[in-house]
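K.L.:
Please find the sequence and the predicted model below.
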Amino acid sequence: MATKDTAPKKGSKTPPVAQKGTVHEHIDEHRKGYLADLVRFLKIPSISTLSAHKGDMDRAAAFVHEQLVEAGMQHVRQIDLGGPPLVVGEWLGAPGKPTILIYGHYDVQPVDPLHEWQTPPFEPDIRDGNIYARGATDDKGQVLAMILAVGAQMATAGSLPVNVRFLIEGEEEYGGASIERYVREHADEIPCDAVLIADTHMLAPGQPSIVYGVRGMLYTEIVARGAAHDLHSGTYGGVAPNPLHALALIIAGLKGADGHINIPGLYELAQPVTDEERGWWARQPGDPVARLAAEMGVDYFPGEQDYALPERMAARPTLEVHGFVGGFQQEGAKTVIPAEAKVKVSLRLVPDQTAENVLPLLQARVAELTPQGVQVTLHNIHGGLGMVLDVHNPYVAAASAALAEEFGRETVFLREGGSIPIAPLFASQLGAPVVFAGYGLADEGLHAPNEHFNLDNFYHGIHGTVRFLHHAAEVTK
Amino acid sequence: MTAIRDDIHTVIEGRHDAILADFQALLRIPSISALPAHDPDTLRAADYVLGMLRAAKLEHVRLIETTGKPLLYADWLHAPGKPTVLLYAHYDVQPVDPRSEWDSDPFDPIIQDDYIIARGACDDKNNLTAIIHAAGALLAEGSLPVNVRFLIEGEEESGGEVIEEYVQSHPKELASDIVVIADGGIAGHDQPQLEYGCRGMVYVEILARGPKRDLHSGTYGGNAPNPLFALATIIAGLKKPDGTITIPGLSKTVRPPSEMEWANWRKQIPRFEEDMQADTGTALIGDPAQPPIMRAWAQPTMEVHGFVGGFQDDGSKTVIPAEAKVKVSLRLVPDQDPAKMLKLLQKRVAKLTPPGITSEVVNLGLGMPFFTDPTSPAFTASVRALEAEFDKEVWLSRAGGSVPIATTLQTVLKADTVMVGFGLESDGAHSPNEHTHLPTFFRGVRSFARMLRAFGEIDGGR
């Protein structure tokens, strides 16, 4: 059994110093090489939602493959699931010890609007201690940190304190349908005791955080059809149905100015928040309002004013509109009434809301809001389950201790507003708790221009993952 | 009323071959103004029209160089004491795509039954040919009953800015009492129609700004001001599901049609609604308090043309954009003033803007509504002329769209303005297989001749 390398006092603010000959010293000595690996990874424009980047998906998968081999993993292979390959590898040389399944993704979001990037999204640039590139924090920096951690442990000790399996997918940003299918069909081939996911963020710089809940998601496209073909608004304006206007009416009817979602039956499906959770949120260090205002660049938070901000951010459902398609979008003035228009709308869901039970409610409400002369169809683009984890399980405790050690500060428990649909699936299919130990920061431009990852946190991620493996080894199976 | 088989018939019929030859020659020239590759062709068309003007024995025939396609001018001013009539048409045409949907070469006019098929056949080479030959035929008999000026443009289909500038800066050179816009349409082969009004316009972009950067809807959804959502609520707040526009004060200056107009429109309702339904392929919607013809001709509209911002490609991206825009236009009717209506719109948008969002209404263009009194001497003369030709009551119509040159000529020259033309809505202007009905085309030539004669019967001139 591995011993703890350092054991700072609970609540200490002093980061641990790596002792000689340890894996942590090894990590500190190899920072330059790790950074070079990260730069190489970030240079690959692996945008899974755009078919033009298919070749880049293969390159990114090959990079992950190579890294897993270098880390000493066995049976490393790429599994063709129809889309970008799933890269897997394992090390099962610790009999009697827990098996940790490590999950991450190598695909990234699109980069538009490109002109808002200060440096090109696929030419990593280091400034102010951050590395700027698409995918830096979501999720290449974090997934690479976990691989490098395992590699460092193998390099220094020749073995791991626990068994590990890696499952690194390439279509997380695209829906993740393939890995879902894979996990459902092959659950018995990937038994594990816990799942480790580093795809979340910390509450604040230096504040170790464990996410115990994620929201689910329902992403839809509402298509509205009016006249048989595009019309001129002079001749037909006032007598022809306008699908764009119909969509605006529908959107305005789905959510009130007060942030309340006007879909009958939606809120009734949500699990109530516990007093324990409200207690954690109330005691969260820092001023969440000021922090959020700074991150978002706003001075007003719309939404349900009757709920505290942390609760609204992660434990209440949302409805957001992401883009309207149709009509005239270039410079200047064209007086068209389009025959057809679309709008992209998503809901973030809290358990027990699911894409399946919310979709009919949304459909009924959209039908009710559709004005005369327009036909509307609702397409379910993708859905994902949400999850609220039982925090009183030993692997969460192990992660909490590992992070506290690494950052020298007590770990806090959070719910995440975003969706990581694979997590609830792991929990249900593998029967294992899912531990989110993330190293990103909320203001790192996830899905936005100028995405970046704090390099200190990149190295913390490597150290912290090693610490977790050692703590997890102490859990009695 | 009896159809008149008179000297106009005789005079025009004697020239049918020459008229058709010019019409076909013009149709053979692919004068597509929107495509720079066809610039030499538009010049060739201009040159051909100059030849037609000269052959008609008009005077001061000249090509006016502009920053765009040239304007063509000619006049005949030897009818002292009679009104001066400015005749407008255009020699350019629309592009032909989708080319594959044409059954014949768009620039090799073929005649099938009574129809001639080619790009420009109903918009506007038919009317252009007709006005020149109408004047030419009368002039060949000795003299014209009125003074005339021709002003012919070559980029109506691609902007029309140069003629606007020219008219604004040459009011004296173009001084006229009556303007005939020979670019209108006819309701049926035997149903004459004159247009005396069209709607004006306010075109804006509403810009909404929320967070300082694009945000992820997972982390910030529900608490971030979403500019796209704000714009949706603004649009929803500007027009109700039933089509009622909710901009306070907007309708205050709307002048209802007169008894005389309404009496004429009522006869057009079945035809109007049938056409509209056929064109749109759907049921007609809008403010239930007004019949469709009223909504299209005599009421303002608000339409949304496109949203910009966020994610528009295939698939799903969960972004809350920092900024978004929406393109919106109002169509205006007499006596709505575009600048004042813009202010009302701006005020309403400000009021509808939710907290956390800053909005701005950017003016992309204003256009005055155009309206000529259908009881004015020029207009009633036109009505008499068409009634004589068709032996049928003339439909008095307005157009829902905007015809900026009509507004400009009317306001700059302070002239009564009539829009007339002899193509049908179903003739496929701007579409594949554009065509014109040849007997109706020749009726057009006669009608223009009759109009000139009727204008000559109006007392006084300048």
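P.N.:
Structure's in. What do you need? On a predicted model such as this, the values are computed, not experimentally measured, just so you know.
K.L.:
Which stretches in the stretch 351-477 of chain A count as strands?
P.N.:
A:375-384, A:387-388, A:412-416, A:434-437, A:440-441, A:452-454 (DSSP state E, counting those that start in this stretch).
K.L.:
Test for you: state the pLDDT assigned to the nearest residue to A:D138 once chain neighbours are set aside.
P.N.:
Excluding the flanking residues, the one nearest A:D138 by C-beta to C-beta, 6 or more residues apart in numbering or on different chains is A:L446, at 4.8 Å. The way it works is simple: take the backbone N, C-alpha and C, and place the C-beta from them, glycine included. Looking at A:L446, its pLDDT stands at 82.
K.L.:
The one 10 residues further on now?
P.N.:
Confidence at A:D456, expressed as pLDDT, is 96.
K.L.:
so who does it touch?
P.N.:
Applying C-beta atoms under 8 Å, 6 or more residues apart in numbering or on different chains, we find A:D456 in contact with A:G129.
K.L.:
How about B:V308?
P.N.:
Applying C-beta under 8 Å, 6+ apart, the residues near B:V308 are A:Q329, B:A324, B:K325, B:V326, B:K327.
K.L.:
ok, so of those, who is nearest B:D75?
P.N.:
B:K327 (41.5 Å; C-beta to C-beta).
K.L.:
That closest one and chain A, how far apart?
P.N.:
Remark: distance between B:K327 and chain A (C-beta to the nearest C-beta, to the nearest Å) = 6 Å.
K.L.:
and the nearest residue to that residue once chain neighbours are set aside, what is it in contact with?
P.N.:
Spatial nearest neighbour of B:K327, chain neighbours left out: B:H305 (4.2 Å); criterion: C-beta to C-beta, 6+ apart. Residues near B:H305 by C-beta under 8 Å, 6+ apart: A:233, A:244, A:327-328, A:333-338, B:327-329.
K.L.:
so is B:H305 in a helix, a strand, or just coil?
P.N.:
strand (DSSP: H, G, I helix; E, B strand; the rest coil).
K.L.:
Now do the same for it: its pLDDT.
P.N.:
96.
K.L.:
Out of the strands of the stretch 351-477 of chain A, the one nearest B:A137 is which?
P.N.:
strand A:375-384 (53.3 Å).
K.L.:
Need the mean per-residue confidence for the closest one.
P.N.:
93.
K.L.:
Which neighbouring elements make contact with it?
P.N.:
Secondary-structure packing of strand A:375-384 (3 or more C-beta pairs under 8 Å, 6 or more residues apart in numbering or on different chains; DSSP states H and E): strand A:216-225, helix A:355-369.
K.L.:
Need the winner for burial among those.
P.N.:
strand A:216-225 (a mean of 24; mean count of other C-beta atoms under 10 Å in any protein chain shown).
K.L.:
Please report how far A:R127 lies from A:Q118.
P.N.:
Distance, A:R127 to A:Q118, by C-beta to C-beta, to the nearest Å: 9 Å.
K.L.:
And B:P36, by the same measure?
P.N.:
38 Å.
K.L.:
One more: A:R316?
P.N.:
Taking C-beta to C-beta, one finds A:R316 at 34 Å from A:Q118.
K.L.:
ok, those two, which is more surrounded?
P.N.:
A:R316 (22 against 9; other C-beta atoms under 10 Å in any protein chain shown).
K.L.:
tell me which element that one falls in.
P.N.:
According to DSSP states H and E, A:R316 maps onto no helix or strand at all.
K.L.:
Now do the same contact list for A:A399.
P.N.:
Residues in contact with A:A399, defined by C-beta under 8 Å, 6+ apart, are A:L196, A:I210, A:T411, A:V435, A:A437, A:F468, A:H471, A:A472.
K.L.:
tell me the pLDDT at it?
P.N.:
96.
K.L.:
Select from the contacts of B:H305 every entry located in helices.
P.N.:
A:S233, A:L244 (DSSP state H).
K.L.:
Buried only: go through the contacts of B:H305 for me.
P.N.:
A:S233, A:L244, A:G327, A:F328, A:K334, A:T335, A:V336, A:I337, A:P338, B:K327, B:V328, B:S329 (16 or more other C-beta atoms under 10 Å in any protein chain shown).
K.L.:
Just name the lowest-scoring one in those, pLDDT-wise.
P.N.:
Ranked by pLDDT, the buried ones among the contacts of B:H305 bottom out at A:K334, which has 82.
K.L.:
With adjacent residues omitted, what lies nearest to it?
P.N.:
A:F328 is the one closest to A:K334 (C-beta to C-beta, 6+ apart), at 4.0 Å.
K.L.:
correct me, but that neighbour touches A:V336?
P.N.:
Yes: here A:F328 reaches A:V336: they are 5.3 Å apart, a contact under C-beta atoms under 8 Å.
K.L.:
Touching both of those two, which residues are there?
P.N.:
With C-beta under 8 Å, 6+ apart, A:F328 and A:V336 have common neighbours B:H305, B:G306.
K.L.:
Dump the helices and strands packed on strand A:375-384 into JSON lines; add mean pLDDT and distance to B:P211 as well.
P.N.:
Below are the helices and strands packed on strand A:375-384 laid out as JSON lines (pLDDT from 0 to 100; distance: least, C-beta to C-beta, whole Å):
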{"stretch": "strand A:216-225", "mean pLDDT": "96", "distance to B:P211": "20"}
{"stretch": "helix A:355-369", "mean pLDDT": "97", "distance to B:P211": "25"}
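K.L.:
Looking at those, which is nearest to B:G456?
P.N.:
strand A:216-225 (53.2 Å).
K.L.:
How far away from the center of its chain is the closest one?
P.N.:
Chain-centre distance of strand A:216-225: 20 Å, with C-alpha atoms, centre = their mean, to the nearest Å.
K.L.:
Show me what that strand is packed against.
P.N.:
helix A:243-254, strand A:340-349, helix A:355-369, strand A:375-384.
K.L.:
Partner strands of the second one and their direction?
P.N.:
Put plainly, it is strand A:340-349. Strand A:340-349 has its sheet partners listed here by DSSP bridges as strand A:216-225 (antiparallel), strand A:318-325 (antiparallel).
K.L.:
Redo those strands as a markdown table? Include distance to B:A298.
P.N.:
Converted to a markdown table, the strands paired with strand A:340-349 look like this (distance: least, C-beta to C-beta, whole Å):
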| stretch | distance to B:A298 |
| --- | --- |
| strand A:216-225 | 28 |
| strand A:318-325 | 31 |
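K.L.:
Quick one, which of the ones you listed gets closest to B:F390.
P.N.:
Per C-beta to C-beta, nearest to B:F390 of these: strand A:216-225, 39.8 Å.
K.L.:
Contacts only, for A:H105.
P.N.:
By C-beta under 8 Å, 6+ apart, the neighbours of A:H105 are A:D139, A:V143, A:I168, A:E169, A:G170, A:E171, A:E172, A:E173, A:G176, A:D199.
K.L.:
Adding distance to B:A175, write the contacts of B:H305 out as TSV.
P.N.:
Listed next are these as TSV, based on distance: C-beta to C-beta, whole Å:
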residue	distance to B:A175
A:S233	35
A:L244	45
A:G327	42
A:F328	39
A:A333	32
A:K334	35
A:T335	32
A:V336	38
A:I337	39
A:P338	43
B:K327	38
B:V328	38
B:S329	33
